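In: Build the 3D model from these lines:
(one chain, ligands or ions: 3)
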Amino acid sequence: MSGAVYIRTFGCQMNAYDSGRMLDLLAESRGYAPVEDPAAADLIILNTCHVREKAEEKLFSELGRLKKLTAGRRVIFAVGGCVGQTEGRLIFKRAPYVDLVFGPQNYHRLPDFLTRLEQGESRLWDVDIPTEAKFDELPAVRSAGPIGSVTVQEGCDKFCTYCVVPFTRGREWSRSVERVVEEVEGLVRQGAVEIQLLGQNVNAYQSLDREGVVHDLALLIRRVALIDGVRRLRFITSHPADMNADLVEVFADVPQLAPYLHLPIQSGSDRILQAMGRGHTAAEYLAWVERLRAACPDLALASDFIVGFPGETEADFQDTLNLAERVGYDHAYSFKYSARPGTQAAQLPDPVPEPEIAARLARLQKVLERHQLAGNRRQVGRVEEVLVEGPSRPGSGELAGRDGTWRKVNFPGPESWIGTLVPVRIVEGMPNSLRGVPVVAP
Ligand code: SAH
Ligand code: SF4
Ligand code: F3S
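Out: Ligands and ions are numbered 1, 2, ... in the order given. Take a look at the predicted model:
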């Protein structure tokens, strides 16, 4: 069996990384070529997210759409990722034409799964969390763009009371320093300019190198920064309870480290933070923000928020608004609380009524958007290095890329600049992007 594979990815960057690795594996083991058009595919994989209700609904509506699109043809439908892991066999109930369900920790077995389907098995369900490291079973990364991602830490032991991730991705573990370095070197050889170190709580990274030296994330960053060709570095996502002094210092010490940190707070209320099981207070969080800004005055801060956690009062929510005002985030994601099956919070009394959740979310987003726009406008007049990812729109003569703070920048320039860092003067700050003019000639 070989042919064309279409993969659609939902959820976080780690899922995006996993999708890339699945394509590498299918190409190497089976000669599958990736296609952008599902109508041309023989194998359709949906790499799913289970973190909120909507994510799950998106899966089933996408499955339905794709089934229609490929009607009358034999296409293998596979569901991987975090819904695969937790919903398992239920998926076959809602979408009986699905051939294969697997999870985020066993996708290295895809070639084997396909063989079993060829041999006549159907509705194959395998969500084992194997003890062998999946990364050791995967081929080297084949396809990298200007931004190369490497999962360095996986899983989660934090068990925040609202969250399914510990159930979908399993326990916290870290890849070895040598494997990370090897993979980064491979990405740079293929043209990656920026390296993103990924983990569910990437600052929980902990591993020994061959000499027995303990590497936490800060030391790993210092090590990766030594690799020739790594021009920019970023790490995503950090947990406030896993912050440490060294991770503040790297922002001052490592020139390639981008001035950007995604440090989710979820709520500004200590009472709610405790009920969420986050393991820190709002004051502790603010103290880290202060230290980080002292070490790196240009640091762009991003966060996640959950609105309407069970028992959240207007006063709790005010604490969240106050914290958002006080920090003045450059970027933020905010979500309505969604009760997830199997989590502790799903058992809690005092749900916040849906209209109230919607109203609070809108109030919070107003504050977040105001700060984001102010931050974008503050960039005007500065010269930023922009890593060009591609044309902003085909044929527009405009390029799009990201600066060190992860702001999107559009500016005129030739396509030969794609994949390079270009110094750009920012001339306008809009709600979701910046406009600039290059300060070098093509
Ligand atoms: N490990 C990261 C985040 C992982 S999930 C951390 O702890 O910071 C990404 C985001 O989804 C979370 O930060 C949270 O804001 C949101 N999220 C997770 N579970 C949720 C739920 N049950 N309802 C609403 N939002 C949720
Ligand atoms: Fe989920 Fe909490 Fe783990 Fe983040 S730290 S993945 S929110 S359990
Ligand atoms: Fe979603 Fe799984 Fe990532 S639940 S957020 S895809 S770890």
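
In: check which helix or strand covers residue 235.
Out: Secondary structure assigned from DSSP states H and E places residue 235 in strand 232-236.

In: Can you give the distance from that strand to the centre of its chain?
Out: Using CA atoms, centre = their mean, to the nearest Å, the mean C-alpha position of strand 232-236 is found 12 Å from that of the whole chain.

In: swap in stretch 347-360?
Out: 27 Å.

In: Compute the first-to-last residue distance for that stretch.
Out: Criterion CA to CA, to the nearest Å; first-to-last residue distance in stretch 347-360 is 22 Å.

In: Give me the contacts around it.
Out: Outside of stretch 347-360, the residues that reach it under the criterion CB atoms under 8 Å, 6 or more residues apart in numbering are 161, 275, 307-312, 317, 336-337, 339. Quick note: C-beta positions are derived from backbone N, CA and C, even for glycine.

In: buried ones in it?
Out: Within stretch 347-360, the residues that count as buried by 16 or more other CB atoms under 10 Å are 352, 357, 360.

In: before we move on, the earlier item: direction-wise, compare the following helix or strand past the strand holding residue 235 with strand 232-236 and give the angle.
Out: Past strand 232-236, heading to the C-terminal end, the next element that is a helix or strand (DSSP H and E) is helix 245-253. When axes from the mean of the first three to the mean of the last three CA atoms, to 10 degrees is applied, the directions of helix 245-253 and strand 232-236 differ by 150 degrees.

In: Report the distance from stretch 128-141 to the chain centre.
Out: Mean C-alpha position of stretch 128-141 versus that of the full chain (CA atoms, centre = their mean) differs by 20 Å.

In: contact partners of it?
Out: Here stretch 128-141 has contacts from 20-21, 24-25, 28-29, 103, 105-109, 148, 151, 170, 175, 179, 183, 186-187, 190, using CB under 8 Å, 6+ apart.

In: Show me the residues you listed that map onto strands.
Out: Among the contacts of stretch 128-141, the residues falling in strands (DSSP state E) are 148, 151.

In: Neighbour count says what about the contacts of stretch 128-141? Which are buried?
Out: With burial judged by 16+ other CB under 10 Å, the buried subset of the contacts of stretch 128-141 is 20-21, 24-25, 29, 103, 105-109, 148, 151, 170, 175, 179, 183, 186-187.

In: Within its local environment, how many residues does residue 208 see?
Out: 12 (other CB atoms under 10 Å).

In: so who does the closest residue to it other than its chain neighbours touch?
Out: Sequence neighbours aside, residue 214 is the residue nearest to residue 208 in space, at 5.9 Å (criterion: CB to CB, 6 or more residues apart in numbering). Neighbour list for residue 214: 206-208 [criterion: CB under 8 Å, 6+ apart].

In: Tell me where the stretch 1-150 of the chain has strands.
Out: Assigned by DSSP state E, counting those that start in this stretch, the stretch 1-150 of the chain shows strands spanning 4-9, 33-34, 43-48, 76-80, 100-102, 124-126, 147-154.

In: Quick one: closest of these to residue 269.
Out: Distances from residue 269 to each of the strands of the stretch 1-150 of the chain were compared by CB to CB, and the smallest falls on strand 147-154, at 28.3 Å.

In: residues in contact with that closest one?
Out: Strand 147-154 has contacts (CB under 8 Å, 6+ apart) with 13-14, 16-18, 20, 105, 135, 141, 169-170, 172-175, 180, 183-184, 187-188, 190, 192-202, 204-205, 217, 220, 387, 389.

In: neighbouring strands for it, and are they parallel or not?
Out: In the sheet, strand 147-154 lines up against strand 173-174 (antiparallel), strand 194-199 (parallel) (DSSP bridges).

In: Indicate which one of the ones you listed is closest to ligand 1.
Out: Ligand 1 lies closest to strand 194-199 among the strands paired with strand 147-154, at 8.4 Å (CB to the nearest ligand atom).

In: average pLDDT for the closest one?
Out: If you average the pLDDT over strand 194-199, you get 97.

In: List the contacts of that strand.
Out: Defining contact as CB under 8 Å, 6+ apart, one finds that strand 194-199 is touched by 13-14, 17, 146-154, 174, 180, 184, 187-188, 205, 217, 220-221, 224, 230-237, 258, 387.
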